[in-house]
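>>> Here is the input, now give the coordinates:
(one chain, ligands or ions: 1)
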Amino acid sequence: MREQKEEDITMDFFESVYHGEPPWDIGRPQKEYIQLEQAGEIVGSVLDVGCGTGENALYLAAQGHEVWGIDFVPTAIQKAQEKAAQRHLAATFLVLNVLELHTLGRTFDTVIDSGLFHSLSHEERPIFVDNLAAVIRRGGTYFMLCFSELTPVPDFSTLKDFMPDFSEFKPEDYERLRVTQAEIKESFQDGWRINYIKQATLEARLGPNEVYGWLSSISKE
Ligand code: SAH
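Here you go, the predicted structure:
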């Protein structure tokens, strides 16, 4: 039998969660992205990495941006395509691993990330950052919304209501979700300019706990 790679386990995990209702899939855009758009920070063409079922991407498409969204879970991409059709919005959704973004063969003015970076392993993050550099134009900006170390390790008993399949998820898997500012700075030290890292809130259906995060604005030099 083929040995299962860590990446396959993550993909299986996400695929199974999308057969139900993932706690992050709130059915509307994250308020941090609404605020960025209203403040005029999101410019031009947009790529949403790890777009899930596409709420952030579709919101930006509705505001007139040319938008592509990619995710490695076919079920999520199918849901995003169905929503785009129902809402009569033009957005391109593709199944793709973010570690292979360079195969898109084009660049975007802006890249958005809501909850993707923090789900990558420490080995995957530098590969992702190299791929990101291939799809963002010089001077273009990557906005990243991720969990921070201020977020408590989730309570397993609440989580299993949302994610029956998360038994595969171990406490150490949660640890990598809790990204520090130092980790963000380290990941983007070569060829990038960090404009800001702000405290932010991620909206989720996770019970009473607030989910603390960082909102980063990072431009390619
Ligand atoms: N941005 C969405 C989903 C956040 S959850 C939202 O805000 O609702 C993180 C997403 O990243 C999941 O949809 C998961 O399938 C996707 N993902 C994780 N690792 C990935 C990878 N290596 N390549 C592509 N997508 C990935």
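
>>> show me the contacts for the residue nearest to residue 103 when sequence neighbours are not counted.
Ranked by CB to CB, 6 or more residues apart in numbering and with sequence neighbours excluded, the top spatial neighbour of residue 103 is residue 96, at 7.2 Å. Heads up, the C-betas are built off the backbone N, CA and C, glycines and all. Going by CB atoms under 8 Å, 6 or more residues apart in numbering, residue 96 touches 70-72, 103-104.

>>> again, but for residue 122
The neighbours of residue 122, taking CB under 8 Å, 6+ apart as the test, are residue 176.

>>> Give me the pLDDT value at it.
Predicted confidence (pLDDT) at residue 122: the value is 91.

>>> Which of the three states applies to it?
Judged by DSSP: H, G, I helix; E, B strand; the rest coil, the three-state class of residue 122 is coil.

>>> Can you tell me how far it is from the ligand?
14 Å (CB to the nearest ligand atom, to the nearest Å).

>>> Now that residue. Its backbone dihedrals?
Listed backbone geometry of residue 122 is phi -60, psi -30, with angles given as degrees, to the nearest 10.

>>> same deal with residue 94?
phi -130, psi 150.

>>> And the one 10 residues further on, by the same measure?
Backbone torsions for residue 104, taken as degrees, to the nearest 10, come to phi -60, psi -30.

>>> before we move on, what about residue 93?
Taking degrees, to the nearest 10, you get phi -120, psi 130 for the backbone angles of residue 93.

>>> could you say which helix or strand contains the nearest residue to it once chain neighbours are set aside?
Take residue 93 and drop its neighbours on the chain: the residue closest to it by CB to CB, 6+ apart is residue 80, 4.4 Å away. Element membership for residue 80, per DSSP states H and E: helix 74-86.

>>> what's that helix packed up against?
Using 3 or more CB pairs under 8 Å, 6 or more residues apart in numbering; DSSP states H and E as the contact test, the elements touching helix 74-86 are helix 6-17, helix 55-62, strand 67-71, strand 92-95.
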